[in-house]
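Novice: return atomic coordinates for the entry below.
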Amino acid sequence: MTLHYDGTYEGLMTAIFDCYERKLNPSCITSASHFQPGMFDSTQHIVTDVKKAERVLKGLRKKLTPKGFKGLYLAFHSELPNIEMTIYHFTKITIAHKINIERDFRQAPVLRIRQVTKMMSREIHRMHAFVRFQKTSDDIYAATIAPDFNVIPFIGDHFKKRYADQQWLIYDTQRDYGLYYDLETMQFIKLNNSDWAGRKQIKASVLKEGEQEFKRLWSQYFKATSIKERKNMKLHLQHVPKRYWRYLPEKY
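Specialist: Next up is the predicted model:
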């Protein structure tokens, strides 16, 4: 039995509720966008029901610590293969036990959720550190990212506190949506006419006058202050992995 849902967290929780209510034993739970029916598979489409989803979430809140409860939501946004089934099995174990199971790493789903949560937290931290803004002609500070995981829902508060007096946009070019702050509220947006260059950077034509010169001067300063004799590339890559260089103007 393969269950497919709309790709939302509420949709997944609805699927888990239906498994209990209808005594389903799925071999796969997947989002509709990734669903590929097999020749001999029995499939079922799950219609998202917020009330059903909330009942599952309410039960998990009672059984988990706030950190553990948030960890499931983080793991869901990792978009890793089979993460839905991992969350499903984690939920079954959680509900079946009277005691908290978050540290029972003998259970494969529990260990996997902890591993994925750490991966997500690390990626979020690196986005905090490596996102670089450029000022556009309409006075919005914009940045493009392409993280390994879907971290956009988790990085907004950091940048809102840090840049509370500026309008900014962080856009995930891999998932084609972003987060926009207008000095009052944050909202998710999708750009229909994206102005990105070849490496998913913002086109020079939409940048504020002088922004390109600032970028050039910063790169020049970085090179001038580097001490070649003390260069330790192995250590440097540990702190700044190469896949994040695309965000750093001093690296290109």
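
Novice: skip ahead from the longest helix seen in the chain and say which helix or strand is next.
Specialist: Using DSSP state H, we find that the single longest helix of the chain is helix 108-130. Next in sequence after helix 108-130, counting helices and strands by DSSP states H and E, comes strand 134-135.

Novice: circling back: which neighbouring elements make contact with the longest helix of the chain?
Specialist: helix 66-76, helix 83-96, helix 152-162 (3 or more Cβ pairs under 8 Å, 6 or more residues apart in numbering; DSSP states H and E). (Glycine included, C-beta is placed from N, CA and C.)

Novice: do that again at 10 Å, thanks
Specialist: Applying 3 or more Cβ pairs under 10 Å, 6 or more residues apart in numbering; DSSP states H and E, we find helix 108-130 packed against helix 66-76, helix 83-96, strand 141-145, helix 152-162.

Novice: in CSV, list the ones you listed along with distance to Q107, mean pLDDT and mean neighbour count.
Specialist: Output for these, formatted as CSV (distance: least, Cβ to Cβ, whole Å; pLDDT from 0 to 100; neighbours: other Cβ atoms under 10 Å):
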stretch, distance to Q107, mean pLDDT, mean neighbour count
helix 66-76, 13, 97, 18
helix 83-96, 6, 96, 20
strand 141-145, 34, 90, 21
helix 152-162, 25, 96, 15
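
Novice: tell me which of those approaches T30 most closely.
Specialist: Distance to T30, taken as Cβ to Cβ, is lowest for helix 83-96 among those, at 6.3 Å.

Novice: so what does that closest one touch, helix or strand wise?
Specialist: Secondary-structure packing of helix 83-96 (3+ Cβ pairs under 10 Å, 6+ apart): strand 2-5, helix 9-21, strand 28-31, helix 50-63, helix 66-76, helix 108-130.

Novice: quick revisit: just the buried residues of the longest helix of the chain, please?
Specialist: 109-110, 112-114, 116-117, 119-120, 123-124, 126-127, 130 (16 or more other Cβ atoms under 10 Å).

Novice: now the helices for the stretch 151-252 of the chain?
Specialist: According to DSSP state H, counting those that start in this stretch, the stretch 151-252 of the chain carries its helices in the segments 152-162, 211-225, 233-239.

Novice: what mean pLDDT does the last one have?
Specialist: Averaging the model's pLDDT scores along helix 233-239 yields 77.

Novice: coming back round to it: looking at the helices and strands packed on helix 108-130, which is closest to H236?
Specialist: Per Cβ to Cβ, nearest to H236 of those: strand 141-145, 20.7 Å.

Novice: partners of that closest one, with directions?
Specialist: Partners of strand 141-145 in the sheet, by DSSP bridges, are strand 134-135 (antiparallel), strand 168-172 (parallel).

Novice: please identify the most buried of the ones you listed.
Specialist: Mean neighbour count (mean count of other Cβ atoms under 10 Å) peaks for strand 168-172 among these, with a mean of 21.

Novice: how far off centre is it?
Specialist: Distance of strand 168-172 from the chain centroid (Cα atoms, centre = their mean, to the nearest Å) equals 13 Å.

Novice: hmm, who's touching it?
Specialist: Residues outside strand 168-172 that contact it (Cβ atoms under 10 Å, 6 or more residues apart in numbering): 127, 131, 133, 135-136, 140-147, 150-152, 155-156, 159-160, 162, 177-183, 186, 189-191, 194, 196, 200, 202.

Novice: model confidence over stretch 169-187, on average?
Specialist: 93.

Novice: in that stretch, what's buried?
Specialist: 169-173, 175, 178-181.
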